[in-house]
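1. structure for this input, please:
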Amino acid sequence: MTHSVIMPDLGQTTAEGRIVRWLKKPGDKVAKGDPLLEVETDKVTMEVEAYKGGYLRAVLVEEGQMAGAMSLIALLTDDPEEAYEIILTETEPSDESAQSETTNSVPMAASSTPQAEVSGRPAATPAAKERALALKVDLRIVAGTGPDGLITKRDVEKARKNQRSPKAASSMAAITTRSAAKIPHFFVTVDVEVSNVIQWRERWNAAHPDLSASLNDIFVRAASLALRDVPDMNVHYREGMLEEHTSSDVLLVAATKSGLALVPIADPASSAWEAYLSSMRRTLEEVRQDRIVQSLPHAPALAVSNLGMFKVKQFSAIIPPGCSAILAVGAVREDVIVKNKQLRMDDVCSLTLSSDHRVIDGIAAAKFLERVQAHLNSL
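-> You can find the predicted model right below:
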């Protein structure tokens with residue numbers, strides 16, 4: 001069987017490359033993954049591997065000549081004496097290869113058998129590998145459409161597009177578009193000291209191995225307590241009127257298999273730690289199982305979103321529809337702080353409060369964040 005050797009797609013800005021030298025000569029046996037030739041572009045000189053094993057029978061583009069990306073440059077056969085046919089077509093050569101009598105684009109039917117892996121890796125062009133790395137696409141799940149099943153950059157981009165979930169994206173797009181269009185946001189950020197929180201959590205988890213507390217549990221409860229302390233934060237804007245609430249409910253932004261979920265938590269500050277943590281475990285387990293979580297009589301005024309577990313230092317969250325504010329919790333980190341004119345290392349966390357300026361002013365937002373720090377310190 002005859003197999004084509006093509007000039008790889010070397011990158012988005014590179015349409016052709018110069019063949020510096022062939023590392024194999026006609027008649028040589030070639031194994032999958034063997035360096036076959038060296039190619040020079042305007043950026044780099046690189047080796048090109050053989051994507052198929054066999055015998056090199058014909059070199060169609062000589063050393064020093066230019067070849068367009070994805071054009072045929074050589075032929076392999078399975079057997080050293082196997083007959084093969086070269087079908088030449090008239091093409092318009094590049095300026096640098098116009099003196100060559102041999103065209104650098106020779107169409108050839110590719111094998112119908114998908115290309116096997118080379119050295120344990122799927123056969124892909126350098127540009128496809130680079131694109132797959134950037135898009136975090138596993139080449140093993142990509143179907144190649146190039147000669148002998150070679151994976152091209154376009155194949156990678158198509159596979160990435162197919163991986164996305166239009167349903168989840170549409171839902172998130174609808175929520176954020178509605179909120180950003182209707183709610184005038186303003187943002188306030190503070191760094192809070194959390195060394196005391198970490199020590200309390202270690203003591204609690206050591207004493208309650210079957211009911212451990214996460215940092216997120218602690219921040220949600222502290223936010224609920226702070227909401228109780230600052231009634232000006234626990235309000236809704238509705239048709240030009242302010243609605244005040246007495247219970248300090250929280251809307252938790254939680255990750256699920258199908259995307260993000262908005263989970264109402266009924267007054268986390270109203271019960272003891274044991275009851276609160278048990279309730280949180282049950283609620284989050286229902287969310288992970290995609291079960292319907294019982295709703296509250298009204299939407300919570302405050303939401304909490306925590307990206308600290310993903311090492312995000314600080315971020316500003318968009319207020320979910322129905323809420324008046326959202327607290328964005330960043331990662332706990334070691335940092336240098338100044339206290340009493342002394343420098344010291346401490347564990348800190350950045351909190352950013354996004355507020356609806358129709359109902360919450362800067363003073364209320366600052367008081368709320370101050371009370372969050374106070375409740376964290378009181379553990």
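2. just give the nearest non-adjacent residue to residue 369, would you?
-> Excluding the flanking residues, the one nearest residue 369 by CB to CB, 6 or more residues apart in numbering is residue 190, at 4.9 Å. Using the backbone N, CA and C atoms, a C-beta is placed for each residue, glycine as well.
3. is it correct that that neighbour is in contact with residue 351?
-> Yes. Using CB atoms under 8 Å, residue 190 is in contact with residue 351, at 5.7 Å.
4. the two: who's more crowded?
-> Per other CB atoms under 10 Å, whichever of residue 190 and residue 351 has more neighbours is residue 351, with 24 against 16.
5. so which helix or strand takes in the more buried one?
-> strand 342-356 (DSSP states H and E).
6. show me what contacts the residue nearest to residue 369?
-> Residues counted as contacts of residue 190 (CB atoms under 8 Å, 6 or more residues apart in numbering) are 350-351, 369, 373.
7. what residue ranges in this protein score low on pLDDT?
-> 10-15, 42-43, 86-122, 147-148, 164-172, 258, 292-295 (pLDDT under 70).
8. show me how it divides into domains.
-> The chain breaks down by automatic domain parsing into domains covering 2-163, 167-377.
9. number of nearby residues for residue 34?
-> Each residue near residue 34 was counted by other CB under 10 Å, and the total is 17.
10. with residue 374 instead?
-> Count around residue 374 with other CB under 10 Å applied: 14.
11. quick check: which element contains it?
-> helix 362-377.
12. kindly reformat the contacts of residue 190 as JSON lines containing distance to residue 252.
-> Formatted as JSON lines, the contacts of residue 190 follow (distance: CB to CB, whole Å):
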{"residue": "350", "distance to residue 252": "19"}
{"residue": "351", "distance to residue 252": "15"}
{"residue": "369", "distance to residue 252": "18"}
{"residue": "373", "distance to residue 252": "20"}
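13. hmm, back to that, so what touches the helix holding residue 374?
-> 186, 188, 190, 192-194, 196-197, 218-219, 221-223, 225-227, 229-230, 232-233, 325, 327, 351, 353, 355.
14. please, a ChimeraX command that selects the buried ones among the residues you listed?
-> Buried residues among those (16 or more other CB atoms under 10 Å), as a ChimeraX selection:
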select :188,190,192,193,194,197,218,219,221,222,223,225,226,227,229,230,232,233,325,327,351,353,355
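15. return the subset of the contacts of helix 362-377 lying in strands.
-> 186, 188, 190, 192-193, 325, 327, 351, 353, 355 (DSSP state E).
16. any buried residues in the strand holding residue 351, and which?
-> For strand 342-356, using 16+ other CB under 10 Å, the buried residues are 347-356.
17. helices of the stretch 51-200 of the chain, start to end?
-> For the stretch 51-200 of the chain, the helices defined by DSSP state H, counting those that start in this stretch cover 126-135, 153-163, 166-182, 195-207.
18. tabulate those helices (a markdown table), appending distance to residue 58.
-> Compiled in a markdown table, the helices of the stretch 51-200 of the chain are given as follows (distance: least, CB to CB, whole Å):
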| stretch | distance to residue 58 |
| --- | --- |
| helix 126-135 | 23 |
| helix 153-163 | 27 |
| helix 166-182 | 47 |
| helix 195-207 | 69 |
